[in-house]
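Q: here is my input; please provide its structure:
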Amino acid sequence: MNAPRATLTKQTIWIGGATAFTALSEFIFVPIFTKLFGSETYGVWVTYITIVQLITPITLLGLNGAFIRFTAGVEDKEEIRENFYSAFVIIFAFSLVVSILLSLISSHLPPRLFGKESGAHELIKVGSFLIFSWALQLLVLSYYRAFLRMRKYALLIMAQTSLEILAVLFLALHGYKLITIVSSFIAIRFAIFILCYTGIVKEIGIKAPDFSNIKPYLYYGLPLIVSSALVWIVKLSDRLIIKYFLDFSAVGIYSAAYNIASIVTLYSVTLQGGLAPTLATLWNQNKIEKAREKLSLSLKYFLLFAIPSCFGLLALSKEILRVFTRPEFIEKGYLIIPIVGFAITCYGIYFLSANVLGLVKKTYLITIILGVGALINVVLNFLLIPRINILGAAIATLIAFIFMAFVMVLTAHKYLEFGLNPNFIVKSILASGIMAFIISQLYVSNLSTLIFAVLVGVVVYGILIFLLRGITKEEIMNLKSSFLK
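A: Down below sits the predicted model:
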């Protein structure tokens with residue numbers, strides 16, 4: 001039993017680390033783009049990548065998820081070949097056709113969303129093939145996930161993200177335009193695909209599929225597209241609505257502030273990497289009480305880091321924007337950061353609590369909650385953005401995420417009663433408030449003084465949360481063994 005536990009721990013650490021590193025890259029891109037390009041060009045980039053993030057999951061048709069579901073644990077190479085190449089041929093053809101069509105119609109896209117003055121149409125014409133390269137890459141990476149090769153999977157993800165960060169930094173510093181940067185992204189993802197595909201061919205060879213299994217694949221995979229689209233609407237559609245009513249500069253300012261606040265996401269995605277398989281294992285072994293403890297503990301640790309992060313963002317939002325962006329971002333963006341930070345904390349509660357519905361096979365309820373949250377977000381964006389500018393988008397996000405967290409917790413409690421520990425939350429808020437007041441009095445003018453303020457905040461919050469007995473030394477020391485074993 002010890003070996004499987006160790007293996008599970010290592011796997012979840014690898015996938016959690018890779019997911020966290022990818023989320024962190026969104027934060028890293030902010031100073032690179034905003035400092036070197038400005039708000040308008042950054043807005044063009046965000047609008048483009050938002051469209052790509054919507055279309056790419058659709059071109060997968062859910063077949064990457066179906067491949068993992070139906071191939072995990074299979075040892076027969078003939079079956080593996082059939083499963084892989086059935087999905088591969090369809091995704092290859094469909095994503096290529098979608099990329100070509102988007103490239104051909106790029107000049108006819110609505111000017112209100114893709115204004116000609118900033119070259120967005122040209123960017124989409126070339127950049128549409130990022131959809132093709134990304135879809136292929138996601139499929140071959142699914143092969144490694146299906147056979148639990150999480151170390152290789154994580155290293156490939158981190159290699160891709162690192163190369164993209166370096167490419168953006170190098171090309172931007174040397175004066176290249178967005179089209180060149182996007183082309184480098186396409187090349188990097190094709191390179192990852194070729195590297196993975198070559199390894200897969202060495203293992204299973206090449207086979208012309210007969211598509212005998214495609215019906216159950218599509219039956220399983222197509223509903224996943226709905227969930228992907230709803231997540232996109234909830235988390236990204238506000239960028240396009242801002243562009244519809246305002247301009248690329250507003251999109252850039254809002255997105256920079258949003259991505260800075262998204263640092264809070266790191267905690268939930270890292271915890272989820274270990275929590276999901278651990279809960280599934282405990283549930284399948286009928287260790288319900290233990291599963292309840294694990295979920296309650298993970299929520300406590302999430303809030304332990306998320307709450308002070310939100311207060312820190314509130315205290316230092318102007319200083320963060322001053323250090324990482326240009327002056328044009330500060331006036332309209334500083335209020336966005338704390339609002340979105342608190343919104344993402346609510347989303348983290350929703351995200352972690354949703355594990356319960358997966359355990360009891362009530363995933364359709366996740367889709368319903370997501371759908372209502374998406375509707376609330378879109379309606380409020382259309383109502384608020386014309387009235388209060390990009391602040392309206394942040395408020396809409398906060399309201400939608402509060403709703404989703406509240407309803408998800410209530411729904412999940414019907415199947416598994418877990419604790420949110422309100423006593424701890426009060427103590428954390430009190431410690432965070434004092435910490436935020438102290439660091440707000442510090443003078444922050446550059447990166448080094450910002451780092452110093454953050455370190456002061458960490459120390460002050462850590463001392464206060466211990467003095468208030470919000471968390472014990474034993475809980476910190478046993479964090480790894482608490483929910484990864």
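Q: where along the stretch 1-150 of the chain do the helices fall?
A: In chain order, the stretch 1-150 of the chain shows helices spanning 2-37, 39-60, 63-71, 77-104, 120-127, 129-146, 150-173, with DSSP state H, counting those that start in this stretch as the criterion.
Q: mean confidence for the fifth one?
A: For helix 120-127, mean pLDDT rounds to 81.
Q: name the helices or strands packed onto that helix?
A: Packed against helix 120-127 by the contact rule (3 or more CB pairs under 8 Å, 6 or more residues apart in numbering; DSSP states H and E) you find helix 39-60, helix 77-104, helix 178-204. To be clear about C-beta, it is placed using only N, CA and C from the backbone, and glycine gets the same treatment.
Q: domain map for the chain?
A: Described in terms of automatic domain parsing, the domain architecture of the chain consists of the residue ranges 38-229, 246-485.
Q: compare the mean pLDDT across these and name the weakest.
A: Ranked by mean pLDDT, those end with domain 38-229 in last place, scoring a mean of 85.
Q: what about that domain, start to end distance?
A: End-to-end distance for domain 38-229, by CA to CA, to the nearest Å: 29 Å.
Q: looking at the helices of the stretch 1-150 of the chain, which is nearest to residue 344?
A: Comparison of the helices of the stretch 1-150 of the chain against residue 344 by CB to CB identifies helix 2-37 as nearest, at 10.6 Å.
Q: nearest to residue 385, of the helices of the stretch 1-150 of the chain?
A: That would be helix 39-60 among those, by CB to CB, at 14.3 Å.
Q: gap between that closest one and the chain center?
A: For helix 39-60, the distance from its own C-alpha centre to the chain's C-alpha centre is 14 Å (CA atoms, centre = their mean, to the nearest Å).
Q: okay, the helices and strands packed on helix 120-127 in TSV with mean neighbour count and distance to residue 367 next?
A: Formatted as TSV, the helices and strands packed on helix 120-127 follow (neighbours: other CB atoms under 10 Å; distance: least, CB to CB, whole Å):
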stretch	mean neighbour count	distance to residue 367
helix 39-60	22	14
helix 77-104	18	23
helix 178-204	17	29
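Q: of those, which is nearest residue 422?
A: helix 39-60 (35.7 Å).
Q: relative to helix 129-146, how tilted is the closest one?
A: Between the axis of helix 39-60 and that of helix 129-146 there is an angle of 50 degrees, by axes from the mean of the first three to the mean of the last three CA atoms, to 10 degrees.
Q: tell me the angle of helix 39-60 relative to helix 120-127?
A: Counting by the same axes, to 10 degrees, helix 39-60 points 40 degrees away from the direction of helix 120-127.
Q: show me what helix 39-60 is packed up against.
A: With contacts taken as 3+ CB pairs under 8 Å, 6+ apart, helix 39-60 sits against helix 2-37, helix 77-104, helix 120-127, helix 129-146, helix 178-204, helix 214-245, helix 248-261.
Q: now the first one: mean pLDDT?
A: What helix 2-37 shows for mean pLDDT is 71.
Q: follow-up on the earlier one: among the domains of the chain, which comes closest to residue 30?
A: domain 246-485 (5.0 Å).
Q: sorry, back to before: nearest to residue 27, of the domains of the chain?
A: Ranking the domains of the chain by distance to residue 27, with CB to CB as the measure, places domain 246-485 first at 5.5 Å.
Q: follow-up on the earlier one: residue 366 is nearest to which of the helices of the stretch 1-150 of the chain?
A: In this view, the helices of the stretch 1-150 of the chain are compared for proximity to residue 366 by CB to CB, and helix 63-71 is the closest at 14.2 Å.
Q: could you export the closest one as CSV, CA atoms only?
A: Once non-C-alpha atoms are left out, helix 63-71 reads as follows in CSV (Å, rounded to 0.1, in the frame of the first residue of the first chain):
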residue,chain,number,x,y,z
LEU,A,63,-12.5,13.6,-27.3
ASN,A,64,-9.3,14.3,-25.2
GLY,A,65,-11.4,13.8,-22.1
ALA,A,66,-13.1,10.7,-23.6
PHE,A,67,-9.7,9.2,-24.5
ILE,A,68,-8.5,9.5,-20.8
ARG,A,69,-11.8,8.1,-19.5
PHE,A,70,-11.9,5.1,-21.8
THR,A,71,-8.2,4.3,-22.2
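Q: gap between that helix and the chain center?
A: Remark: helix 63-71 is offset 21 Å from the chain centroid, using CA atoms, centre = their mean.
Q: so that helix versus helix 214-245, what angle?
A: Angle of helix 63-71 versus helix 214-245, following the same axes, to 10 degrees, is 150 degrees.
Q: need the helices of the stretch 1-150 of the chain in a markdown table with distance to residue 286, can you?
A: Conversion of the helices of the stretch 1-150 of the chain to a markdown table gives the following (distance: least, CB to CB, whole Å):
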| stretch | distance to residue 286 |
| --- | --- |
| helix 2-37 | 17 |
| helix 39-60 | 34 |
| helix 63-71 | 23 |
| helix 77-104 | 30 |
| helix 120-127 | 50 |
| helix 129-146 | 26 |
| helix 150-173 | 26 |
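Q: figure out which of those helices is closest to residue 254.
A: The minimum distance between residue 254 and the helices of the stretch 1-150 of the chain falls on helix 39-60, with 8.4 Å, by CB to CB.
Q: and the closest residue to residue 86 other than its chain neighbours, how far is that from residue 296?
A: In space, and not counting its chain neighbours, residue 86 is closest to residue 209: 4.1 Å by CB to CB, 6 or more residues apart in numbering. Taking CB to CB, to the nearest Å as the measure, residue 209 and residue 296 are separated by 45 Å.
Q: same question, residue 183
A: The value you get for residue 183 to residue 296, if CB to CB is used, is 48 Å.
Q: possible to save the domains of the chain as CSV with distance to residue 239?
A: As requested, those are exported to CSV (distance: least, CB to CB, whole Å):
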stretch, distance to residue 239
domain 38-229, 5
domain 246-485, 5
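Q: returning to that earlier point: need the helices and strands packed on helix 39-60 in JSON lines with distance to residue 314, can you?
A: Converted to JSON lines, the helices and strands packed on helix 39-60 look like this (distance: least, CB to CB, whole Å):
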{"stretch": "helix 2-37", "distance to residue 314": "17"}
{"stretch": "helix 77-104", "distance to residue 314": "40"}
{"stretch": "helix 120-127", "distance to residue 314": "33"}
{"stretch": "helix 129-146", "distance to residue 314": "35"}
{"stretch": "helix 178-204", "distance to residue 314": "32"}
{"stretch": "helix 214-245", "distance to residue 314": "21"}
{"stretch": "helix 248-261", "distance to residue 314": "10"}
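Q: looking at those helices, which is closest to residue 356?
A: When the helices and strands packed on helix 39-60 are ranked by distance to residue 356, counting by CB to CB, first place goes to helix 214-245 at 16.4 Å.
Q: so that closest one versus helix 248-261, what angle?
A: Here helix 214-245 points in a direction 120 degrees away from that of helix 248-261 (the same axes, to 10 degrees).
Q: flag every buried residue along helix 214-245.
A: Residues of helix 214-245 classed as buried by neighbour count (16 or more other CB atoms under 10 Å): 214, 217, 220-221, 224-225, 227-230, 232-243, 245.
Q: show me what it is packed against.
A: Counting contacts by 3+ CB pairs under 8 Å, 6+ apart, the secondary-structure elements packed against helix 214-245 are helix 39-60, helix 63-71, helix 77-104, helix 248-261, helix 363-388, helix 390-413.
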